[in-house]
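Student: My questions are about this predicted structure, shown below with the sequence.
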Amino acid sequence: MTTEPRDSNPPDGGRPENDEILAGEYVLGVLSLEARHRIEARMATDQPFARLVARWQSNMASFNRDYQEQQPSIAVFQAIERRLFAENRKVEVKHGLWDAVGFWRGLSFATSAIAAVAVVYIATVQLTPPATESIVAELSAPNDPVALRVSFNPADGRLRIIPVADQSTEKSLQLWLVPGSGSPTSLGVFEPGTDGELLIPAELRSRIGQGATLAVSVEPFGGSPTGLPTGPVIASGSARNL
Amino acid sequence: MQNSEMVGLINRVAIGDRQAFTDLYRVTSPKLFAICLRILKDRGEAEEALQEVYIKVWQKAKSFAIGSGVPTTWLATIARNQAIDIIRARKPVNDDIDEVFDLADETMPNPEQSVAMADDGRRIDACMGELDQVHAQSVRRAYVEGLTYAELAEDLRVPLNTVRTWLRRSLLKLRECMQR
């Protein structure tokens, strides 16, 4: 063991090794509850520090082998389900094109009025319902940032399901290409009121192939301001050839 | 269960899939319960903690970011944090006077330089082997049992400050070793 360093410098809270130790102590669990809360608050705003913590968590994860599996009693899961699902999280279904999710979001009243007139005009001159007129429902659950927009075209019998950001929050869903290492690349933002198609920039097309990881995150309306995912990732998965 | 399957389950939980939640619980609860039980040392308390753990899993599944990688680590972290918060609340610690340390004689590479996030554990095992055996055991027991410096000191019959220095120095040595 080396000797205790006793330098005469004043304590310096900004030294990287101090943060390294603090992050390690937090992950070990030796700190007080107050210190733990302080650290968690700091992690929320200090990304480099949060990375130090995450790295210790990852490094020390092999110690988890020491925990020998034990079966909890069946009552535990029953209690969890009761607590999470007791108030019957009913799926909310909204009918009609006019209150369809995000359909009119972002459009000013004036634009909406013009669009409405246009739809009515088309409907009148054709005298038959246009083939593109669909029945739309938004399927959502309380507190979920994502909803499913279902559109059904009675004319051809096609039903289409598109994920959209929850209507009550001004959010967008953004699709990312996630490389094995390095930062995710945006493939585009799902525009409300479209059919869920994204046009992939030409230079990125070759990168979407077998094994590519795609992820969808919830972002501020219009897409991530930073060019990297900022919101929770609600889904991710690998691409494969069909 | 493969990590990729578990990631799939967590992603389905994130979009509110209750069946995926049930499956995830079935697969992972024995381990997470073991964590709670080991740290809290009381079956009733551990079962209550386990409830909180899975409530959080349901609520936080959406934040399980692609970058944060290993699902078992993510789950174990939620369980350890829950259990440790409970015992720290029950038995307050009043000995972490300082968050400023005085034993830095090494320079630490910055975190971006190390991308060894998906550690398979062999590395830390090797680095633990380089520590003094008593120190390595202290590090491991602090982690696994959720002990405080004071509890370790009492157990090992050494002054609290000595244990604290051991562990902090061990952390620096581990970090240095893992980045070698």
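Tutor: Alright, I've got the coordinates.

Student: Every contact and neighbour count from this point should use C-alpha atoms.
Tutor: Fine.

Student: element containing residue B:126, please.
Tutor: Using DSSP states H and E, residue B:126 maps to helix B:122-130.

Student: List the residues that contact the residue nearest in space to the middle of chain B.
Tutor: Residue closest to the average C-alpha location in chain B (CA atoms, centre = their mean): residue B:77, at 5.2 Å. Applying CA atoms under 8 Å, 6 or more residues apart in numbering or on different chains, one finds that residue B:77 lies in contact with residue A:57.

Student: Distance of it relative to residue B:180?
Tutor: Relative to residue B:180, residue B:77 is positioned 26 Å away (CA to CA, to the nearest Å).

Student: buried set for the biggest helix by length in chain B?
Tutor: Taking DSSP state H as the criterion, chain B has its longest helix at helix B:18-40. By neighbour count with 16 or more other CA atoms under 10 Å in any protein chain shown, helix B:18-40 contains the buried residues B:20-21, B:24, B:28-40.

Student: Not counting that helix itself, show me its contacts.
Tutor: The contact list for helix B:18-40 (CA under 8 Å, 6+ apart) reads A:67-72, A:77, B:1, B:6, B:9-10, B:12-13, B:43, B:45-47, B:49-50, B:54, B:58, B:75-76, B:79-80, B:82-84, B:86-87, B:144-146.

Student: Can you list which of the residues you listed are found in helices?
Tutor: Residues of these located in helices (DSSP H): A:77, B:6, B:9-10, B:12-13, B:43, B:45-47, B:49-50, B:54, B:58, B:75-76, B:79-80, B:82-84, B:86-87, B:144-145.

Student: which of those are buried?
Tutor: Judged by 16+ other CA under 10 Å, buried ones among the ones in helices among the contacts of helix B:18-40: A:77, B:6, B:9-10, B:12-13, B:43, B:46-47, B:49-50, B:54, B:58, B:75-76, B:79-80, B:82-84, B:86-87, B:144-145.

Student: Give me the distance from the helix holding residue B:126 to the chain's centre.
Tutor: 17 Å (CA atoms, centre = their mean, to the nearest Å).

Student: if you look at that helix, does any of it touch chain A?
Tutor: Yes - interface with chain A: helix B:122-130 contributes residue B:124 (CA under 8 Å from any CA of the partner chain).

Student: In that helix, which residues are buried?
Tutor: Buried-residue list, helix B:122-130, by 16+ other CA under 10 Å: B:123-125, B:127-128.

Student: what do you get for stretch A:212-220?
Tutor: A:213-220.

Student: In chain A, mark out all the helices, start to finish.
Tutor: Counting by DSSP H, the helices of chain A are A:16-28, A:33-45, A:47-60, A:74-85, A:109-126, A:202-205.

Student: give me phi/psi at residue A:157?
Tutor: phi 80, psi 10 (degrees, to the nearest 10).

Student: which residues sit against stretch B:152-163?
Tutor: In contact with stretch B:152-163 (CA under 8 Å, 6+ apart) are residues B:138, B:142, B:149-150.

Student: Ends of it, what's the gap?
Tutor: Note: stretch B:152-163 ends 7 Å apart using CA to CA.

Student: Return the set of buried residues in that stretch.
Tutor: So for stretch B:152-163, counting by 16+ other CA under 10 Å, buried means B:152-153, B:160, B:163.

Student: nearest to residue A:46, of these?
Tutor: Within the buried residues of stretch B:152-163, the smallest distance to residue A:46 is 28.7 Å, found for residue B:163 (CA to CA).

Student: Please, which helix or strand holds that closest one?
Tutor: Per DSSP H and E: helix B:160-178 holds residue B:163.

Student: just how off-centre is that helix within its chain?
Tutor: Taking mean C-alpha positions (CA atoms, centre = their mean), helix B:160-178 and its chain are 16 Å apart.

Student: Would you mark the buried spots in that helix?
Tutor: Under 16+ other CA under 10 Å, the buried positions of helix B:160-178 are B:160, B:163-175, B:177-178.

Student: how many neighbours does the residue nearest to residue A:28 when sequence neighbours are not counted have?
Tutor: In this structure, residue A:28 finds its nearest non-sequential neighbour in residue B:143, 4.5 Å apart by CA to CA, 6 or more residues apart in numbering or on different chains. Here the number of neighbours of residue B:143 (other CA atoms under 10 Å in any protein chain shown) works out to 24.
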